[in-house]
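**Student:** Kindly generate the corresponding structure for this input.
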Amino acid sequence: MKPSESVPSSVHEMQNDDSVSFLPGERDLEQVAFCEMERSPSVWDHTKEWFTARFVPSRSCVNASLRRHIPLVDHLSHYSWKKDLPNDVLSGVTVGVMHIPFGMAYGLMSTLPVIYGLNTSFFPVLIYSLLGTSRHISVGTFAVTCLMLAEMINNHQFQFASYVSVEEPESLSNDSLVSNFTVYAPVDGESPVEVEQKLLVAITITFVAGVIQLVLSFFHMGMVNTYLSDAVVGGVTTGAAFHILTSQVKDILGIRFKLAGGAHFFPRTWIEIFRHIGESNPATVIISAVSMTIVSVVKTHVNERFAKRLPFPVPVEMGMVVVATLVSSLANLEQRFSVRLVGTVPSGFPRPRLPVFSAMHLVLQDAIVMAVVSFALNVSVARLFAKKHEYRIDPTQELLAYGVGNVFSSFFESYVLCAALARSVVQEASGGRTQLAGLVSCAVVAIFLLFLGPLLQPLPQAVLASIVLVALKRMYLQVFDLRTLWHVDKLEMLVWIVTFASVLIIDVAPGLLIGVVFNLFLLIVRAQLAAMALLGQLELAALRVNENLDTVMGGLLAAGHRRRQGVTVTLESRASVDEDPPLRALALLRQRVAIQEARP
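**Tutor:** Residues are numbered from 1 along each chain as shown. Here you go, the predicted structure:
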């Protein structure tokens with residue numbers, strides 16, 4: 001090399017120097033070597049690679065997570081829009097129309113104005129439609145949870161008095177965060193301040209119950225429902241149905257007295273009813289009798305009798321509300337006959353507001369009871385439809401849906417959500433395929449809240465009470481479950497009776513606790529006194545009952561299957577033994593037969 005020639009100082013200069021010659025492909029190798037030399041992996045590169053590999057999900061992982069935590073996405077992935085959408089729309093409209101009278105009625109049952117029941121028919125339904133695993137249940141307001149909430153409100157109302165700071169409610173404008181005082185009608189002549197106290201109790205209990213359900217979901221505690229047997233749930237719901245009947249009698253008769261909350265609600269309230277029965281309003285009694293008769297006749301002799309012929313059940317409850325509102329307005333029932341009306345129903349959605357976080361410890365015990373009871377009722381209804389339509393529900397995901405729904409709804413003046421069997425049956429019978437029907441029902445309720453609510457101001461409260469009593473017909477008839485339990489399992493019947501009596505005499509929450517504890521006690525007793533079988537191998541030629549080998553084997557197999565289902569079968573038989581090839585695996589003890597394995 002000549003001294004005058006410059007030496008390339010880098011690979012980059014060599015690549016750009018046309019005087020330097022490369023073999024075929026040698027330039028590419030030089031570029032790769034240069035890139036590796038200039039970009040050696042740093043600590044950040046290693047950290048980024050490690051983090052991406054472990055924490056950045058793949059597309060398939062994201063899709064699977066969405067389908068698992070938002071079940072509606074999974075349902076719509078194999079959704080037949082042409083076939084299923086019309087059914088879901090029809091079902092959603094039908095159930096949405098049902099939500100309006102039931103939301104108003106259950107709102108009054110909770111001792112709150114009707115608007116809060118309508119809010120509960122919208123916000124929780126919206127959340128559950130996205131997160132719930134059941135395709136057919138209709139959540140929102142339900143009689144049992146509303147009754148429990150009413151008793152909890154009565155117990156804690158005055159503990160929340162210090163959290164309501166209002167000097168003159170009438171001076172507040174509608175733009176205030178506490179504008180409910182001038183807009184929402186009080187119940188039974190209560191002051192606006194008392195209504196506000198009740199509302200704070202309700203939304204705080206709802207928030208705490210939702211948080212508890214979220215915690216249970218995080219720890220995969222969906223199995224908590226297993227501690228609530230069918231006998232316990234049946235006893236609680238039947239006893240609560242009679243509590244609801246008791247709470248509605250004063251509206252049916254038109255008498256006025258303050259419901260006695262707390263323990264011994266049932267006997268104490270009936271004492272007050274008989275003490276004031278002479279003050280009954282004849283016009284209110286007539287309205288109640290006519291309303292209950294019309295609703296009951298249409299539901300029994302039209303909807304149930306012609307269920308297979310009708311495309312959807314006749315919305316007799318909504319029809320009754322419309323007719324009663326028109327009659328009340330035209331006849332001026334409030335002024336002429338002192339009939340109590342539902343009062344003003346404001347239009348629009350409520351403004352977000354916070355629960356009383358500093359008072360959560362006051363309602364913690366009641367919130368735990370509310371969270372567990374509402375979860376048990378929801379899952380029992382969901383399993384009923386899942387078994388019928390052959391799909392599975394995820395109790396843990398259900399807990400997540402209920403928890404998110406309650407927490408979210410508590411900021412919009414709603415209370416604890418619960419599935420109603422009557423609405424769920426209508427949603428399924430009218431052709432509902434997925435929770436898309438729930439979104440349609442939300443749209444119906446939203447239209448009512450935005451535009452039609454104030455039109456129902458003249459509606460008599462007795463009509464709503466009548467709708468509630470007729471809707472609980474199935475729950476009253478659960479008393480006849482005792483006949484079936486007597487033949488199936490007498491200990492389960494005893495659990496049902498103890499739970500029902502405790503709920504009826506004491507209260508719903510203590511009755512539930514007594515039922516669960518008594519059921520666990522009987523499980524321990526059964527485990528200690530379980531039937532025992534001595535297993536072995538007998539060299540027998542054959543085993544026959546009534547001289548028929550096929551009957552024997554079929555009977556034994558059926559007996560073993562039924563024993564596994566929890567029903568003990570006793571076979572009274574005579575057996576004869578012949579000398580033939582041996583039959584293995586027999587277990588005989590005290591004339592109770594269980595087959596373990598049978599081989600020729």
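**Student:** Could you check how many residues crowd around residue 229?
**Tutor:** Neighbour count for residue 229, taken as other CB atoms under 10 Å: 21. All C-beta atoms are positioned from the backbone trio N, CA, C, and that covers glycine.
**Student:** Equivalent analysis for residue 275, please.
**Tutor:** With other CB under 10 Å as criterion, residue 275 counts 11.
**Student:** Just want the most central residue of the chain.
**Tutor:** Nearest to the geometric centre of the chain sits residue 378, at 3.1 Å (CA atoms, centre = their mean).
**Student:** wait, doesn't residue 141 sit right on residue 103?
**Tutor:** Yes. When contacts are counted by CB atoms under 8 Å, residue 141 is listed as touching residue 103 (5.2 Å).
**Student:** out of these two, which sits in the more crowded spot?
**Tutor:** Per other CB under 10 Å, whichever of residue 141 and residue 103 has more neighbours is residue 141, with 31 against 24.
**Student:** Next, the more buried one: phi, psi?
**Tutor:** phi -90, psi 150 (degrees, to the nearest 10).
**Student:** Leaving out chain neighbours, which residue sits closest to it?
**Tutor:** residue 106 (3.8 Å; CB to CB, 6 or more residues apart in numbering).
**Student:** Next up, the contacts around the one you found.
**Tutor:** By CB atoms under 8 Å, 6 or more residues apart in numbering, the residues touching residue 106 are 117, 120, 141-143, 146, 468.
**Student:** So which bits of the helix ranked longest in the chain are buried?
**Tutor:** Longest helix in the chain, counting residues (DSSP state H): helix 81-109. The neighbour-count check on helix 81-109 (16 or more other CB atoms under 10 Å) flags 84, 87-109 as buried.
**Student:** from the chain's centre, how far out does that helix sit?
**Tutor:** Put simply, helix 81-109 sits 16 Å off its chain's centre (CA atoms, centre = their mean, to the nearest Å).
**Student:** what does stretch 242-262 give?
**Tutor:** 26 Å.
**Student:** Any stretches of the stretch 151-300 of the chain with poor pLDDT?
**Tutor:** By pLDDT under 70, the low-scoring segments of the stretch 151-300 of the chain are 165-190, 259-262.
**Student:** And the strands in it?
**Tutor:** Per DSSP state E, counting those that start in this stretch, the stretch 151-300 of the chain carries no strands over any range.
**Student:** Would you map the helices across it?
**Tutor:** Applying DSSP state H, counting those that start in this stretch to the stretch 151-300 of the chain gives helices spanning 180-183, 192-218, 230-253, 265-276, 282-298.
**Student:** show me where pLDDT drops low in the stretch 501-600 of the chain?
**Tutor:** 530-600.
**Student:** about what we covered before: centre of the chain to the host helix or strand of the residue nearest to the centre of the chain, how far?
**Tutor:** Under the criterion of DSSP states H and E, residue 378 resides in helix 364-389. Mean-position distance between helix 364-389 and its chain equals 5 Å (CA atoms, centre = their mean).
**Student:** cool, and stretch 256-270?
**Tutor:** Using CA atoms, centre = their mean, the offset of stretch 256-270 from its chain centre is 27 Å.
**Student:** Okay, now it: how far is its last residue from its first?
**Tutor:** 13 Å (CA to CA, to the nearest Å).
**Student:** residues making contact with it?
**Tutor:** If you take CB under 8 Å, 6+ apart as the criterion, stretch 256-270 is touched by 111, 150-151, 153-155, 188-189, 242-243, 246-247, 249-250, 272, 275-276, 279, 504-507, 510.
**Student:** Pull out the buried members of those residues.
**Tutor:** Looks like these have 111, 150-151, 153-155, 242-243, 246-247, 249-250, 272, 504, 506-507 buried, using 16+ other CB under 10 Å.
**Student:** which of the residues you listed lies closest to residue 476?
**Tutor:** residue 242 (7.7 Å; CB to CB).
**Student:** ok, how many other residues are close to residue 314?
**Tutor:** Residue 314, neighbours per other CB under 10 Å, totals 14.
**Student:** so it touches residue 297, yeah?
**Tutor:** No. Under the criterion of CB under 8 Å, residue 314 lies out of contact with residue 297, with a separation of 10.9 Å.
**Student:** hey, what's in contact with both of residue 141 and residue 103?
**Tutor:** The contact lists of residue 141 and residue 103 share 117, 120-121, where a contact means CB under 8 Å, 6+ apart.
**Student:** Make TSV out of those and add pLDDT.
**Tutor:** Shown next, in TSV, are those (pLDDT from 0 to 100):
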residue	pLDDT
117	91
120	94
121	93
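**Student:** Just the ones of these in strands?
**Tutor:** Among these, no member falls in strands (criterion: DSSP state E).
**Student:** follow-up on the earlier one: same list (the contacts of residue 106) but as a markdown table, adding distance to residue 305.
**Tutor:** Converted to a markdown table, the contacts of residue 106 look like this (distance: CB to CB, whole Å):
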| residue | distance to residue 305 |
| --- | --- |
| 117 | 30 |
| 120 | 32 |
| 141 | 27 |
| 142 | 26 |
| 143 | 25 |
| 146 | 30 |
| 468 | 23 |
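**Student:** Break down the stretch 301-450 of the chain into its strands, ranges please.
**Tutor:** Under DSSP E, counting those that start in this stretch, the stretch 301-450 of the chain gives strands at 418-419.
**Student:** quick one: low-confidence ranges for it?
**Tutor:** In the stretch 301-450 of the chain, no residues with pLDDT under 70.
**Student:** run the last query once more with 90
**Tutor:** 301-319, 331-351, 369, 372-373, 376-396, 420-436 (pLDDT under 90).
**Student:** separation between the nearest residue to residue 105 once chain neighbours are set aside and residue 143?
**Tutor:** Excluding its sequence neighbours, the residue lying closest to residue 105 (CB to CB, 6+ apart) is residue 464, at 3.8 Å. According to CB to CB, to the nearest Å, residue 464 and residue 143 sit 12 Å apart.
**Student:** Quick check: residue 509 touching residue 369?
**Tutor:** Yes. With contact defined as CB under 8 Å, residue 509 counts as touching residue 369 (4.5 Å).
**Student:** Looking at the two, which is more packed in?
**Tutor:** The neighbour count for residue 509 versus residue 369, taken as other CB under 10 Å, is higher for residue 509 (21 against 18).
**Student:** Give me the phi and psi for the closest residue in space to residue 119 that isn't next to it in sequence.
**Tutor:** Distances taken as CB to CB, 6+ apart place residue 414 nearest to residue 119, at 4.4 Å, with adjacent residues excluded. Residue 414 has phi and psi values of phi -120, psi 170 when expressed as degrees, to the nearest 10.
**Student:** give the contact list for residue 414.
**Tutor:** Per CB under 8 Å, 6+ apart, neighbours of residue 414: 116, 119-120, 122-124, 203, 206.
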